[in-house]
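# Sequence first, then the predicted structure:
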Amino acid sequence: MNQVRKCKIKVSIKFNVMKTKNSIWLYSIIILAALSMVAGGCEKDEGDNFNPTETVTDFDGNVYHVVKIGMQVWMVENLKVTHYNNGDPIDIVSDSAIWNILETPAYCNYDNNEANSNTYGRLYNWYAVSDPRKIAPPGWHIATDAEWTTLINFLGGSDVAGGKMKTLGTTHWSPPNSGATNSSGFSALPGGVNKGYQDLHQFGYFWSTTSSSGNTAWYWYLGFNFSEIRHSSGTNFLGFSVRCVKD
């Protein structure tokens, strides 16, 4: 009888030890899984906050997707609108010779080809960008130079941010499209410049709303043959692409 009881006690102890070991093993698996999820969250691409169902619509009915990058929310496409928010039309100027002496708001289609604007957005001079009637949809605005700087710093600085902002491949960008990953989700395209229509597929120029001095303003640009994003100032009549950021 005592032997039977001792046997039961041994079996019970052994079972409890096994239970404890199994519990420790199970808890270890749970903890490792949780740590893996946290680590995965830390390693997410900057553009993992892209939501294909979230959009914004301009005055003309053009629809844009948006992406959250850091604490900012940006449009994923270049602006295409042809009216101010009050309904006034923005002047379209097709003649480059006239464009180059303009001191009033205007937009154009690259090479006067509407198909280019469908893909790359329209090109605007700085007078249109800074007009108080506003061309960004309500609740949005064209980024200041400081807001561009915030975006670029979040992406690791100007030396690497360009690659993280450019769309992949050479469908839109000329080869080699250096360093392009689009890990930010910004999806920058090379819309060129209206200075006699140049640089389509090679460079994307983006206005800020910040004046630099006199008749010049700050802008940022990306290129097919470098992975950084560069900063410069240009005369107000240049025709550049426009990106909007949420208020």
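Ah, there it is. Residues are numbered from 1 along each chain as shown.
# any idea how far the residue positioned nearest the centre of the chain is from Ser96?
Residue closest to the average C-alpha location in the chain (CA atoms, centre = their mean): Phe186, at 2.0 Å. As judged by CB to CB, to the nearest Å, Phe186 and Ser96 stand 29 Å apart. Using the backbone N, CA and C atoms, a C-beta is placed for each residue, glycine as well.
# With Val245 instead?
29 Å.
# still on that earlier bit, ok, for the residue nearest to the centre of the chain, nearest residue in space, not its chain neighbours?
Of all residues not flanking Phe186 in the chain, Met165 sits nearest, at 4.1 Å (CB to CB, 6 or more residues apart in numbering).
# pLDDT at the residue lying closest to Tyr124 once chain neighbours are set aside, what is it?
Using CB to CB, 6+ apart and skipping the chain neighbours, the partner closest in space to Tyr124 is Tyr107 (4.8 Å). On the pLDDT scale, Tyr107 is placed at 97.
# re earlier: what about Val245 and Ser96, which has more around it?
Taking neighbours as other CB atoms under 10 Å, Val245 and Ser96 compare with Val245 leading, 20 against 16.
# Specify the beta-bridge partners of that one.
Per DSSP bridges, the residues bridged to Val245 are Trp74, His141.
# what sits against the residue nearest to Phe186?
155, 182, 184, 186-188, 222, 229 (CB atoms under 8 Å, 6 or more residues apart in numbering).
# who's in contact with stretch 94-111?
82, 90-93, 112, 116-117, 120, 122-125, 127-128, 131, 191-192, 194-197, 200, 236-237, 239.
# Which parts of the chain are strands?
50-57, 63-69, 72-75, 107-108, 123-124, 140-142, 203-213, 216-223, 230-235, 244-246 (DSSP state E).
# Remind me what the fifth one packs against, helices and strands.
Which is strand 123-124. Applying 3 or more CB pairs under 8 Å, 6 or more residues apart in numbering; DSSP states H and E, one finds that strand 123-124 makes contact with strand 107-108.
# For the contacts of stretch 94-111, which ChimeraX command selects only the ones that are buried?
Listed next is the ChimeraX selection for buried residues among the contacts of stretch 94-111, using 16 or more other CB atoms under 10 Å:
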select :82,90,93,116,117,120,122,123,124,125,127,128,191,192,194,195,197,200,236,237,239
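# The contacts of stretch 94-111 in helices, which ones?
If you go by DSSP state H, those have 116-117, 120, 127-128 in helices.
# quick check, nearest of those to Glu54?
Comparing the ones in helices among the contacts of stretch 94-111 against Glu54 with CB to CB picks out Tyr120 as the nearest, at 22.1 Å.
# Tell me the spacing between that closest one and Thr167.
11 Å.
# Spit out the residues that contact those two alike.
Leu189.
# what about the residue nearest to Tyr124, how many neighbours?
26.
# So what pairs up with it in the strands?
Ile92, Tyr124.
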